[in-house]
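[1] My questions are about this predicted structure, shown below with the sequence.
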Amino acid sequence: MLDLPRNRPSWVLKSIAVLLFAFPLASQSMTLTRAGSRLLVDNKPIRLVGYGCYGMVSESSFESVTFFDRLAESRINLVRVWVLFHWTNDLTPFEGSRASRYDLLKQNDAFYSRLKNFVGMAEERGIVVQVCLFDGVALTGDNSTNRWPNFPYNTVNNFQDYLTSPGQFNDVPSEWWSEVTGPLIDRVVDELGNFGNVIYEAVNEPDTHGLDTTSPQFDRDVVDRLYDLLHRPDYQGSKIISVNPEAALLREWAISYGKVDLVSYHIKSTDAPQGISDVGKPVLISNDGDTSQRTEAFGGLDPVSRLARIQSMLDNTFPHEEVDGTRHFECLDKGLYGSTWTTDNYDPRYENRNEEIIELLSGYAPIIPERPASQLRLR
């Protein structure tokens with residue numbers, strides 16, 4: 001086992017857990033806000049430390065309650081999920097399935113109910129959910145891969161004929177935007193509008209997969225629509241919007257665009273990427289795409305090297321003990337999919353969690369402050 005100097009002794013963690021769960025479970029009335037480069041909750045800086053995988057909403061069999069309880073026990077306070085998870089065995093925002101084809105003009109109430117319940121369960125435990133609306137990865141791959149061929153927008157998988165190739169995804173304004181994508185964004189915000197624990201992410205890895213490589217058009221259109229929805233007079237929830245750039249063009253736009261609150265970076269080295277310091281906005285670092293996301297059995301690192309690599313990322317993300325709200329970290333663990341990670345149908349399971357990674361992350365997670373009784377809603 002690695003020497004983890006920041007990790008507190010296990011008996012301390014267990015004592016904290018006993019104190020936290022010795023009382024009736026209360027719903028955390030929390031609202032994320034931003035002040036310059038800091039992310040805040042209750043006007044106090046927060047440090048987000050995340051763990052999970054991205055298909056946890058799409059698979060209704062995933063043990064969400066048990067998972068969230070385990071994260072809360074270790075003070076891990078962030079998960080990231082995708083709305084359009086094209087490897088799903090189960091739910092998408094559209095009625096139908098790959099086998100029977102999707103109807104892009106019919107929204108799937110079961111999916112949106114699952115999403116709302118998932119975010120609500122997270123809020124009850126003080127956990128933030130980064131909800132990623134779209135995925136650039138789905139726009140790559142030929143018929144030998146499980147990306148574009150699995151994507152619901154691919155005309156071979158639906159009853160409509162909006163997109164026959166990935167390159168058309170950039171076509172905005174368009175019929176598919178007004179009839180499918182815009183209403184999807186609207187429905188997500190409508191379902192989650194009463195929650196203060198949401199970060200709305202526009203697109204996963206757009207500019208590394210052919211989207212927004214010459215201009216930020218698609219990200220900007222998504223962000224603009226989100227911003228207008230989140231700033232309606234009757235809207236009560238979180239208004240935090242994030243963008244996930246890699247190349248300079250999209251990164252510089254995300255940093256300068258006033259409607260973007262948080263900038264996410266997916267790093268593939270233990271060093272912090274260029275340009276994340278002093279950007280004037282909170283930064284979320286993720287190991288998505290790095291070798292540390294995979295287990296040794298499926299092309300990743302051996303357990304000791306994997307843990308050491310994640311720890312180096314954490315040390316570079318959080319060079320100081322002080323929680324100042326400027327930097328945050330999310331750990332993608334594809335080990336949660338078990339052996340299904342190499343198939344067409346990812347199937348995350350709580351039993352596949354990595355306890356060593358959870359304990360490592362716990363050492364960097366913030367101590368949970370005592371919340372005033374007025375901010376707790378007993379269930």
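    Happy to help now that I have it. Residues are numbered from 1 along each chain as shown.
[2] where are the low-confidence patches of the protein?
    1-28, 141-145, 272-277, 344, 368-379 (pLDDT under 70).
[3] Quick one: end-to-end distance for stretch 34-48.
    13 Å (C-alpha to C-alpha, to the nearest Å).
[4] Can you pull the phi/psi pair for Arg101?
    phi 80, psi 150 (degrees, to the nearest 10).
[5] can you check Leu262 too?
    Per degrees, to the nearest 10, the backbone of Leu262 is at phi -140, psi 140.
[6] swap in Leu40?
    phi -130, psi 150.
[7] Look at the closest residue in space to it that isn't next to it in sequence and tell me its secondary structure.
    Leaving aside its chain neighbours, Leu40 sits nearest to Thr33 (4.8 Å; criterion: C-beta to C-beta, 6 or more residues apart in numbering). Yep, even glycine has a C-beta here, placed from its N, CA and C like the rest. For Thr33, the assignment made with DSSP: H, G, I helix; E, B strand; the rest coil gives strand.
[8] how many other residues sit next to Thr33?
    For Thr33, the number of neighbouring residues by other C-beta atoms under 10 Å comes to 16.
[9] and what of Ser100?
    10.
[10] Give me the contacts around the host helix or strand of Asn117.
    If you go by DSSP states H and E, Asn117 is part of helix 109-124. The contact list for helix 109-124 (C-beta atoms under 8 Å, 6 or more residues apart in numbering) reads 25-28, 30, 56-58, 60, 64-65, 68, 79, 81, 83, 91-93, 128-129, 131, 187-188, 191-192, 195-198, 379.
[11] Grab the CA positions of that helix and hand them over as CSV.
    Below are the C-alpha coordinates for helix 109-124, written out as CSV (Å, rounded to 0.1, in the frame of the first residue of the first chain):
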residue,chain,number,x,y,z
ASP,A,109,-39.8,10.1,-19.2
ALA,A,110,-38.1,7.2,-17.5
PHE,A,111,-34.7,8.6,-18.2
TYR,A,112,-35.6,12.1,-17.0
SER,A,113,-37.1,10.6,-13.8
ARG,A,114,-34.0,8.6,-13.2
LEU,A,115,-31.8,11.7,-13.8
LYS,A,116,-33.9,13.8,-11.4
ASN,A,117,-33.9,11.2,-8.7
PHE,A,118,-30.1,10.6,-9.1
VAL,A,119,-29.3,14.3,-8.6
GLY,A,120,-31.7,14.5,-5.7
MET,A,121,-30.1,11.6,-3.9
ALA,A,122,-26.7,13.3,-4.5
GLU,A,123,-28.0,16.6,-3.0
GLU,A,124,-29.2,14.8,0.1
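[12] one step back: correct me, but the residue nearest to Leu40 touches Lys44?
    No: Thr33 is beyond contact range of Lys44, at 10.2 Å (criterion: C-beta atoms under 8 Å).
[13] Now the common contact residues for the two.
    Residues touching both Thr33 and Lys44 (C-beta under 8 Å, 6+ apart): none.
[14] about what we covered before: and the helix holding Asn117, how far out from the chain middle?
    Between the centre of helix 109-124 and the centre of its chain there are 14 Å (C-alpha atoms, centre = their mean, to the nearest Å).
[15] Check which residues of that helix are buried.
    Going by neighbour count (16 or more other C-beta atoms under 10 Å), the buried part of helix 109-124 is Phe111, Tyr112, Arg114, Leu115, Lys116, Phe118, Val119, Met121, Ala122, Glu123, Glu124.
[16] Over to Val243: give its phi and psi.
    Torsion angles, degrees, to the nearest 10, at Val243: phi -130, psi 150.
[17] quick one: it and Glu205 touch, right?
    No: the criterion here is C-beta under 8 Å, and Val243 misses it with Glu205 at 11.0 Å.
[18] If you count surrounding residues, which of those two has more?
    Val243 (27 against 20).
[19] Please determine how far the more buried one is located from Pro166.
    20 Å (C-beta to C-beta, to the nearest Å).
[20] Check Ser64 too.
    31 Å.
[21] and Leu226, what does it touch?
    Ile185, Val189, Tyr200, Ala202, Ile241, Lys259.
[22] neighbours around the fifth one, how many?
    Summarising burial for Ile241: neighbours were counted as other C-beta under 10 Å, giving 22.
[23] three-state assignment of Val263?
    strand.
[24] Check the contact between it and Val279; I expect there is one.
    Yes: Val263 lies in contact with Val279 (C-beta under 8 Å); the separation is 6.2 Å.
[25] which residues are common contacts for these two?
    Ile255.
[26] Neighbour count: the two, which is higher?
    More crowded of Val263 and Val279, by other C-beta under 10 Å: Val263, with 22 against 17.
[27] out of the contacts of Leu226, which are buried?
    For these, buried by 16+ other C-beta under 10 Å: Ile185, Val189, Tyr200, Ala202, Ile241, Lys259.
[28] Confirm that the second one sits in a strand.
    No: counting by three-state DSSP, Val189 is not part of a strand but helix.
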